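[1] structure, please.
(one chain, ligands or ions: 1)
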Amino acid sequence: MNRLAPCDRRLLLQLALASTATLWLPPSARGQPRFSSNPFTLGVASGSPTHDSVVLWTRLLSPSLLDTGRGQGAVTVRWEVAHDEQFARLVQSGQTQAEPALAHSVHVEVAGLAADRWYFYRFIAGDATSPVGRTRTFPAAGAAVARLRLGYASCQRWEHGYFSAWRHMREENLDAVMFLGDYIYEYPGAANAVRPVSGGWVLTLDDYRRRHALYKGDADLQAMHATCPWLLTWDDHEVQNDYAALHEGTGVPFLGMVDDFAARRAAAYQAWYEHMPVRASVLTQALGGLARGAELRIYQQVPFGRLATLCLLDGRQYRDRQPCLKDGKPGGRLVDPAACPDWADAQRSYLGRAQEQWLDGTLARSGGQWNVIGQQTLFGLRDARPGPGQRLWNDGWDGYAAARTRLTDSLRKNAVANPVLLGGDVHENWVGRILADYADVASPTVGVEFCGTSITSRSGGNAKTAERLAENPHFVFADAERKGYGVAEFTPKQLITTLRVVDDVTRKDAAIETLARFVVPAGRAVIEKV
Ligand SMILES: [Fe+2]
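    Residues are numbered from 1 along each chain as shown. Okay, here's the model as predicted:
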């Protein structure tokens with residue numbers, strides 16, 4: 001793929017670091033452009049909250065950036081954080097540079113905030129002011145907390161429907177959103193598309209930027225970003241369907257269209273960074289910044305007081321290749337594990353050894369009453385063959401059985417309190433008990449799992465759901481039709497998870513309803529449908 005813009009890693013790292021800090025600039029250096037159109041068309045967002053800091057994000061995108069020749073230069077952006085929506089009681093303000101090398105994105109890391117409180121924020125560039133966003137800090141580690149309301153969602157394929165789910169999520173009174181992957185899709189379109197995507201296959205840095213900008217232009221998605229802080233991880237479609245680390249996945253129609261997957265992944269990762277409210281440290285903690293094929297370090301943990309420890313995992317970037325590929329060619333598929341020698345290979349990893357060790361250490365030290373692990377996909381074994389024998393999906397945890405058992409071993413060894421796994425990817429709601437060893441159905445339950453449906457992405461429907469539930473009795477509920485999100489409300493006594501679904505994903509004005517609700521009492525890994 002020779003259409004990739006070359007990127008200067010050192011420059012990008014410097015810019016990423018510089019853009020997070022408050023810069024002192026002499027008045028003459030302050031760009032005061034007059035924009036002929038609103039440069040804040042992609043909205044605002046906040047993310048990666050801690051007890052005293054949060055990342056504020058925006059990206060300037062306006063034809064007038066190019067009109068004025070500023071498409072080539074940096075633009076000074078002022079930011080403000082206030083106690084009130086009118087910005088009468090200012091808490092902090094500063095300015096930063098929106099750099100063209102990072103697509104005029106802004107990642108401000110506001111520090112020194114008070115714990116456990118809500119703030120308002122906005123950006124000003126020249127004569128333009130952004131929409132107002134609302135965000136919050138988390139309670140300090142160890143602080144007593146009465147409640148955490150956490151939304152979780154994934155898989156928002158543009159052409160499969162409208163983002164009405166996000167509009168309804170604004171009314172859920174959430175403290176934070178966990179986004180669990182497939183923020184964009186890289187396809188040129190879909191059969192029976194509800195709305196068209198522009199730009200064809202997404203392959204280059206420019207392509208990825210344009211696709212992110214298309215999605216970020218959606219008013220409902222923007223509004224939810226402006227409502228509370230988000231914690232984000234990714235899955236495959238932020239780069240390419242079913243890719244594994246530096247192994248290419250599937251989807252590109254013509255052989256030879258992409259001849260350098262490492263460069264494509266670097267472009268996709270850079271565009272993801274540019275569009276997400278994440279810390280510059282995802283670049284600077286990485287082994288090699290944005291160099292071709294280098295790491296982008298996005299796995300993380302953050303306490304929400306004493307009540308919960310929230311972990312976000314990265315199951316794409318470090319994994320071994322899927323086992324038993326068809327004729328050695330990429331792509332997820334159902335496999336009979338008994339006929340696949342690699343299936344039980346204990347050396348194969350899903351998170352990579354470094355992340356596995358990090359997670360084990362994080363869980364060992366966690367003081368959270370609940371331990372929430374947000375990750376990409378369904379965790380529990382899901383056998384698609386009724387009766388004797390198995391057919392398992394090789395692209396999810398089932399294809400990495402030894403790595404899955406290392407994670408459940410870590411939960412047991414560290415006596416982790418109340419583990420709750422949240423997931424996405426399968427475009428279906430699956431709720432179940434986490435078994436210590438899925439090879440032994442009688443093994444103890446070590447936690448609970450809520451794998452969410454999609455915001456829009458299609459799934460196969462409920463024809464086989466009852467059969468699959470019967471075949472995999474550690475799951476207590478499944479639905480393969482409805483689209484939406486989940487709300488997990490944690491208190492010291494219990495977790496209540498509510499599955500919220502829209503009535504028609506093809507309608508912009510879709511209504512929301514509750515599909516099911518579950519209670520998990522603290523200290524007991526049981527799931528009661530209520
Ligand atoms: Fe998806």
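[2] which residue sits closest to Pro49, ignoring its sequence neighbours?
    Distance criterion C-beta to C-beta, 6 or more residues apart in numbering; nearest residue to Pro49, sequence neighbours excluded, is Pro229 at 4.3 Å. (C-beta placed from N, C-alpha, C; glycine too.)
[3] who does the helix or strand in which Leu515 is found pair up with?
    For Leu515, the element it lies in under DSSP states H and E is strand 512-521. Here strand 512-521 has these sheet partners by DSSP bridges: strand 494-502 (antiparallel), strand 528-529 (antiparallel).
[4] using the three-state scheme, assign Leu56.
    Look at Leu56: counting by DSSP: H, G, I helix; E, B strand; the rest coil, its state is strand.
[5] tell me which element the spatially closest residue to Gly380 that is not a sequence neighbour falls in.
    Sequence neighbours aside, Gly432 is the residue nearest to Gly380 in space, at 5.1 Å (criterion: C-beta to C-beta, 6+ apart). Using DSSP H and E, Gly432 sits in strand 429-435.
[6] which strands and helices lie in contact with that strand?
    helix 401-413, strand 445-451, strand 475-479, strand 494-502, strand 512-521 (3 or more C-beta pairs under 8 Å, 6 or more residues apart in numbering; DSSP states H and E).
[7] roughly how far apart are Val519 and Asp236?
    33 Å (C-beta to C-beta, to the nearest Å).
[8] looking at those two, which is more packed in?
    A direct count of neighbours by other C-beta atoms under 10 Å for Val519 and Asp236 places Asp236 higher, at 24 against 14.
[9] hang on, that one in a helix?
    No. Counting by three-state DSSP, one finds Asp236 to be coil, located in no helix.
[10] contact partners for it?
    The neighbours of Asp236, taking C-beta atoms under 8 Å, 6 or more residues apart in numbering as the test, are 181-182, 242-243, 249, 316.
[11] and these, which are buried?
    Among those, the ones that count as buried by 16 or more other C-beta atoms under 10 Å are 181-182, 242-243, 249, 316.
[12] list just the nearest of these to the ion.
    Asp182 (3.6 Å; C-beta to the ion).
[13] roughly how far apart are that closest one and His237?
    Distance from Asp182 to His237, by C-beta to C-beta: 4 Å.
[14] between the two, what contacts are shared?
    In contact with both Asp182 and His237: Arg157, using C-beta under 8 Å, 6+ apart.
[15] ok, Asp479 to Ala268 distance?
    31 Å.
[16] hang on, Asp52 in a strand?
    No. According to three-state DSSP, Asp52 belongs to no strand; its state is coil.
[17] quick check: it touching Val110?
    No. Applying C-beta atoms under 8 Å as the test, Asp52 and Val110 come out as separate, 9.2 Å apart.
[18] can you give me the helices in the chain?
    Assigned by DSSP state H, the helices in the chain fall at 9-20, 63-67, 164-169, 205-216, 219-225, 261-275, 281-284, 353-365, 401-413, 465-471.
[19] residues in contact with the closest residue to Asp345 other than its chain neighbours?
    Spatially, and ignoring its direct neighbours in sequence, Asp345 is nearest to Ala402 (6.7 Å; C-beta to C-beta, 6+ apart). Contacts of Ala402 were listed using C-beta under 8 Å, 6+ apart, and they are 344-348.
[20] for the closest residue to Ala111 other than its chain neighbours, grab the count of nearby residues.
    Nearest residue to Ala111, sequence neighbours excluded (C-beta to C-beta, 6+ apart): Ser53, at 4.5 Å. Using other C-beta under 10 Å as the criterion, Ser53 is surrounded by 15 other residues.
[21] over to Ala488?
    24.
[22] quick check: beta-bridge partners of it?
    According to DSSP bridges, beta-bridge pairing links Ala488 with Leu150, Thr497.
[23] ok so, going back, pretty sure the residue nearest to Ala111 contacts Ala114?
    No. At 10.9 Å, Ser53 does not count as touching Ala114 under the criterion of C-beta under 8 Å.
[24] could you dump the helices of the chain to a markdown table with mean pLDDT and distance to Leu499?
    A markdown table is the format used below for the helices of the chain (pLDDT from 0 to 100; distance: least, C-beta to C-beta, whole Å):
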| stretch | mean pLDDT | distance to Leu499 |
| --- | --- | --- |
| helix 9-20 | 65 | 37 |
| helix 63-67 | 62 | 42 |
| helix 164-169 | 98 | 12 |
| helix 205-216 | 96 | 24 |
| helix 219-225 | 98 | 18 |
| helix 261-275 | 93 | 27 |
| helix 281-284 | 80 | 30 |
| helix 353-365 | 97 | 26 |
| helix 401-413 | 97 | 24 |
| helix 465-471 | 97 | 14 |
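[25] could I get those helices as TSV with distance to Val132?
    Formatted as TSV, those follow (distance: least, C-beta to C-beta, whole Å):
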stretch	distance to Val132
helix 9-20	21
helix 63-67	22
helix 164-169	17
helix 205-216	17
helix 219-225	11
helix 261-275	20
helix 281-284	26
helix 353-365	34
helix 401-413	41
helix 465-471	43
